[in-house]
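*Asks:* turn this into a model:
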Amino acid sequence: MHGTQSTAANHRRGPGTRRRSMVVLALLGVCLLAPATTRTALAEPAADATGFAMPFAGAPAYEYLAPIQLTGPEQLNQPIGQAEADRIAGRIGLTAADALSDQQYQYLSTGGGVGGDRTAAEVINACVQILTNTVGRPIHSDVNGQNTPSVLAGYGLYVNPGGQLESPANADAPTRQVNSLIAPGGYVGTWLRDNGAAHTLVALYRSAYTVQAAYGFAAQQMSGAAQLVTNTKGDVSTVVGMSMAPPLWIVNFALIYILKPSLAAAMPAYWAPIPPPVADAIEAAPSGQVPFGDYASYFR
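*Replies:* Sure, this is the predicted structure:
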């Protein structure tokens, strides 16, 4: 399978702008999306030739921790598991002790605790559900009037409640709308400090999350509404959703791990190429969305 590759971005950021972006992203996290014009841009290959170009490969020191392309159908949408989640956490500078306590997580995920908000909690929970949409954790959506389950995290896609297939980085997704909650001075940081979890925030910023977030920002900024990325190995090009690009996956992982390590264990272990007709349709759609009912057969 293969996907089409877009033209290069028409400019690069200057050094001063890049430094400022890194500082901002160390605080904002995975879901920052900026206006953009193209799906893939820089042709520089990743250091270990995984097939992702920079900045989609992320920091070379951490790229090996992200999922690799599946080699067999039995790997499709399989979760990484707890042992692997703990190993990855250790390599990026986190431990289970950095995560919220069970009580803190319960409060945060239900809108409880000091300054808790139920609407904010619903957005956070939706983000976790989308990014852990692996085997045994289907998302249910209204597809042509039918309650339809789907499991698509390995493709870097999901089906929204209204039945539209899209990247988790789409402007419509909770994984973008959470930006205001995780921004400096926003709900999440304030809640953590007010509920005895300041150490969790400190641990996150000291981890690989910080440098990977900068790469993730650059990758998303040069991607259009579709938020897809092309992977090229040899003469074979395939397309996957932005959430499965190494820096985005690792940043997502770090954020979910500090919430609850067992949830991070449900993230996808391998990435799967999006069927070319589906990738082409998403890329062609102005909104970056297509009706799942029209393309569900490609995922069976």
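*Asks:* pLDDT wise, what is Ala61 at?
*Replies:* pLDDT recorded at Ala61 is 93.
*Asks:* that one and Gly51, how far apart?
*Replies:* 18 Å (CB to CB, to the nearest Å). For glycine as for every other residue, the C-beta is placed from the backbone atoms N, C-alpha and C.
*Asks:* repeat that for Gly196.
*Replies:* 43 Å.
*Asks:* could you do Leu94 as well?
*Replies:* 27 Å.
*Asks:* how about Cys127?
*Replies:* 27 Å.
*Asks:* these two: which has the busier surroundings?
*Replies:* Neighbours around Cys127 and Gly51, counted as other CB atoms under 10 Å, are more numerous at Cys127. The numbers are 25 against 20.
*Asks:* who touches the closest residue to Gly93 other than its chain neighbours in this structure?
*Replies:* Take Gly93 and drop its neighbours on the chain: the residue closest to it by CB to CB, 6 or more residues apart in numbering is Ser207, 3.8 Å away. By CB atoms under 8 Å, 6 or more residues apart in numbering, the contact list for Ser207 reads Ile92, Gly93, Leu94, Ala254.
*Asks:* which one among those gets closest to Tyr187?
*Replies:* Ala254 (18.5 Å; CB to CB).
*Asks:* need the pLDDT of the closest residue to that closest one other than its chain neighbours.
*Replies:* When the adjacent residues along the chain are set aside, Ala254 lies closest to Tyr209, with 4.1 Å between them (CB to CB, 6+ apart). Model confidence at Tyr209, given as pLDDT, is 91.
*Asks:* look up how far His199 lies from Tyr209.
*Replies:* 15 Å.
*Asks:* neighbour-wise, which of those two wins?
*Replies:* Applying other CB under 10 Å to Tyr209 and His199 shows that Tyr209 carries more neighbours, namely 28 against 12.
*Asks:* in this structure that one contacts Ile256, no?
*Replies:* No. At 11.2 Å, Tyr209 does not count as touching Ile256 under the criterion of CB atoms under 8 Å.
*Asks:* what are the ranges of the helices in the stretch 1-150 of the chain?
*Replies:* Remark: helices assigned in the stretch 1-150 of the chain by DSSP state H, counting those that start in this stretch are 15-28, 82-92, 102-110, 118-131.
*Asks:* direction included, what does the helix or strand where Val239 lies pair against?
*Replies:* Val239 belongs to strand 236-241 when assigned by DSSP states H and E. Note on strand 236-241: by DSSP bridges, its sheet partners are strand 228-233 (antiparallel).
*Asks:* so what's the gap between the partner strand and the chain middle?
*Replies:* 16 Å (CA atoms, centre = their mean, to the nearest Å).
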